[in-house]
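1. pasting the structure only:
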RNA sequence: CGGGGCGUAGCGCAGCCUGGCUAGCGUACCUGCUUUGGGAGCAGGGGGUCGGAGGUUCGAAUCCUCUCGCCCCGACCA
């Protein structure tokens, strides 16, 4: 391809509204343009990158037996009402009506559509398992899209769905998918981790995320510095520290009311009573479909609402509004405590191991000391309820400690169980003629997000550094002066020969001066630059420059054609 | 949804507070000449209903009201 024939509108300056590197650079490199909040046009160079990601995904999906389909992006409300998600999905689901006043939505995901297909056309255990996938535009009306195509409202996604007769077969496909995902992200040149995750509104029992490590990531990833345990911080399991010193009061500690005027926060109470924070227990109030609930964690810990929601087994769980608390309990925030508190109480496991502790007394300006779990509290359920902290002990090995880093979720795999197949009656007959719901798995990759994540991990002050497998072109030929006939002919001949060798090459045929062309090449991030100038050419040589290292060296000219494939191998 | 910020040429910005010449600068773009190995120089040129509507005024990019859009922080979502 000739550079001048492609629409590659590079910019010298970053757009004012871009925050993160991938957003700035993809706009500057002429790959994407914004149309509306969270909605982007993909320009020729950007599309070449996305197509590279897609091609890798297709190969890996086909490898594990996936069959590609293409489902409608517009979906009728009836399907979503059947799965109950019409009500539960919320405002993120973009809904609208057609001219006949029928309700539709723009698909944010395709479990309903795929389940509808399978239930109609798959009836026998002989037809299972089936794995279908598609690469297609999704729309999720996010409250706050940001970071370019990293988190758009409209975005390209690969979604795959599998249907099985039994749990073991589902697990097998799940494991193969996990491997396929690892292959995809490895081939995309990404440093990533497979982490344990919550399944959110998709539902289901079991799930992992693939997180690309990057400071601009919106997720927090917790992983062991010794073994291979890794989890989204939302799900990261806590393990009580061995040999932890319990509150040193004797077991017969007395429940005492003390006056603590104006001391609301754990810090204030700890300082006032001259106690460490871990001898105070926080009572956090949240609200679910059944009303207020209380969560107890040690003063030096924070509650993890996701873990708490899973422990309770409720539909939803949100922090309670201060107004609700005051109305229902008649106690100002800061003095709430679990003693004689008449709502369901859930305690973190590390609270139940404390000998005695301090809590609010459900009375303004008052706390209890000497509170004991067994004697003073009615706890509905206790378990792991807290957010882990860096340096906490690893839950899977003895010597490891948690490290916490930021990550970008580029892929997510779930075992759905029978949530959709039961709601939508996707059943099969087994070899006894008995009807059962199919067991499902689903598997997603954000295509644009994967490309953006690659830029986050691979860029420098000059621009993008594409790994070879994602680069829009592998090689750019840059003539120092394209008006010079010798150079022009050499470049064109080199271009033709490389193309014949199967190298993806672009020739910068623009009349611009050298500087501008080199800046653009670095900005866009072609892995290899071949610079053809008159002086070197007289000596039968051309300059080759590696984008990543900025190292350049002279190479004999006709010979270079044969050497390029080898040089590219290492990029 | 709560808080904050910004809308002036493709992109980046000044001008607004304190209303007043033909709305400016950089860059990009077009023409010509020169230049040509790391974002050239000179000369000439095109491109704006100053986000929109209404109001105040002799006069509005500038003041007032409403409205739309975009961005950031948080909450939310995955």
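-> Arrived safely. In this text, all values refer to a predicted model and were calculated from it rather than measured experimentally.

2. surely residue A:548 is in a helix?
-> No: using DSSP: H, G, I helix; E, B strand; the rest coil, the assignment for residue A:548 is coil, not a helix.

3. got a pLDDT number for the closest residue to it other than its chain neighbours?
-> Of all residues not flanking residue A:548 in the chain, residue A:465 sits nearest, at 5.0 Å (C-beta to C-beta, 6 or more residues apart in numbering). The C-beta positions use only the backbone N, C-alpha and C, and glycine is treated the same way. Looking at residue A:465, its pLDDT is 97.

4. what distance do you get for residue A:465 to residue A:524?
-> Look at residue A:465 and residue A:524: by C-beta to C-beta, to the nearest Å, they are 10 Å apart.

5. summarise which helices and strands the strand ranked longest in chain A is packed against.
-> If you go by DSSP state E, chain A has its longest strand at strand A:402-417. The contact analysis (3 or more C-beta pairs under 8 Å, 6 or more residues apart in numbering; DSSP states H and E) places strand A:402-417 against helix A:167-187, strand A:192-196, strand A:206-213, strand A:219-224, strand A:439-446, helix A:447-457.

6. what's the burial count for the closest residue to residue A:72 other than its chain neighbours?
-> Closest residue to residue A:72 apart from its sequence neighbours, by C-beta to C-beta, 6+ apart: residue A:113 at 6.8 Å. Residues within reach of residue A:113, counting by other C-beta atoms under 10 Å, total 20.

7. list the residues that contact residue A:113.
-> A:71-72, A:75, A:79, A:107 (C-beta atoms under 8 Å, 6 or more residues apart in numbering).

8. thought residue A:528 was touching residue A:478?
-> No: between residue A:528 and residue A:478 there is no contact under C-beta atoms under 8 Å: 10.8 Å.

9. get me the contact residues on the stretch 401-550 of chain A for RNA strand B.
-> A:409, A:412, A:480-481, A:483, A:512-516, A:518-520, A:522-523, A:531-537, A:543, A:545 (C-beta under 7 Å from any atom of the strand).

10. coming back round to it: the residue nearest to residue A:548: neighbour count?
-> For residue A:465, using other C-beta under 10 Å, the count is 24.

11. just to revisit the earlier point, of the contacts of residue A:113, which belong to helices?
-> Secondary structure from DSSP state H places residue A:79 of the contacts of residue A:113 in helices.

12. with distance to residue A:133, pLDDT and neighbour count added, can I get the contacts of residue A:113 in CSV?
-> As requested, those are arranged in CSV below (distance: C-beta to C-beta, whole Å; pLDDT from 0 to 100; neighbours: other C-beta atoms under 10 Å):
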residue, distance to residue A:133, pLDDT, neighbour count
A:71, 10, 96, 17
A:72, 15, 95, 12
A:75, 17, 95, 20
A:79, 19, 94, 20
A:107, 15, 94, 25
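
13. just the closest of the contacts of residue A:113 to residue A:496, please.
-> Residue A:496 lies nearest to residue A:71 out of the contacts of residue A:113, by C-beta to C-beta, at 41.6 Å.

14. pull the contacting residues for that closest one.
-> Taking C-beta under 8 Å, 6+ apart, one finds A:107, A:110, A:113-114, A:117, A:134, A:136 in contact with residue A:71.

15. those residues: which two are farthest apart?
-> A:117 and A:136 (14.4 Å).

16. one step back: in the strand or helix carrying the residue nearest to residue A:72, what counts as buried?
-> With secondary structure defined by DSSP states H and E, residue A:113 is part of helix A:111-121. Using 16 or more other C-beta atoms under 10 Å as the test for burial, helix A:111-121 gives A:111-119.

17. just stretch A:495-515 next, same as before
-> A:495, A:497-498, A:503-510.

18. could you list which of these belong to strands?
-> Counted as lying in strands by DSSP E, out of the buried residues of stretch A:495-515, are A:505-507.

19. which residues does the residue nearest to residue A:191 when sequence neighbours are not counted bridge with?
-> Distances taken as C-beta to C-beta, 6+ apart put residue A:213 closest to residue A:191, at 5.5 Å, once the chain neighbours are dropped. Beta bridges link residue A:213 to residue A:407, judged by DSSP bridges.

20. contacting residues for residue A:213?
-> The contact partners of residue A:213, by C-beta under 8 Å, 6+ apart, come to A:191-193, A:221, A:405-407, A:457.

21. residue ranges with poor pLDDT in the stretch 51-200 of chain A?
-> Applying pLDDT under 70 to the stretch 51-200 of chain A flags the ranges A:199-200.

22. hmm, try it at 80
-> A:198-200 (pLDDT under 80).

23. one step back: who's more crowded, residue A:528 and residue A:478?
-> Under the criterion of other C-beta under 10 Å, the comparison of residue A:528 against residue A:478 puts residue A:478 first, with 26 against 23.

24. for that one, list each beta-bridge partner.
-> residue A:531.

25. please apply the same query to residue A:544.
-> Assigned bridge partners for residue A:544, using DSSP bridges, are residue A:530, residue A:553.

26. that one reaches residue A:559, doesn't it?
-> No: counting by C-beta under 8 Å, residue A:544 does not reach residue A:559; the two are 11.4 Å apart.

27. higher neighbour count, those two?
-> Shown here are residue A:544 and residue A:559; by other C-beta under 10 Å, residue A:544 has more neighbours (19 against 12).

28. related to what we said a few turns ago, looking at the buried residues of stretch A:495-515, which is nearest RNA strand B?
-> Of all the buried residues of stretch A:495-515, residue A:510 has the smallest distance to RNA strand B: 8.6 Å, by C-beta to the nearest atom of the strand.

29. unless I'm mixing things up, that closest one is touching residue A:482, no?
-> Yes: using C-beta under 8 Å, residue A:510 makes contact with residue A:482 at a distance of 7.0 Å.

30. related to what we said a few turns ago, out of the contacts of residue A:71, which one sits closest to residue A:14?
-> residue A:136 (30.5 Å).

31. about what we covered before: adding neighbour count, write the contacts of residue A:213 out as a markdown table.
-> Below are the contacts of residue A:213 laid out as a markdown table (neighbours: other C-beta atoms under 10 Å):
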| residue | neighbour count |
| --- | --- |
| A:191 | 13 |
| A:192 | 25 |
| A:193 | 20 |
| A:221 | 25 |
| A:405 | 18 |
| A:406 | 16 |
| A:407 | 28 |
| A:457 | 22 |
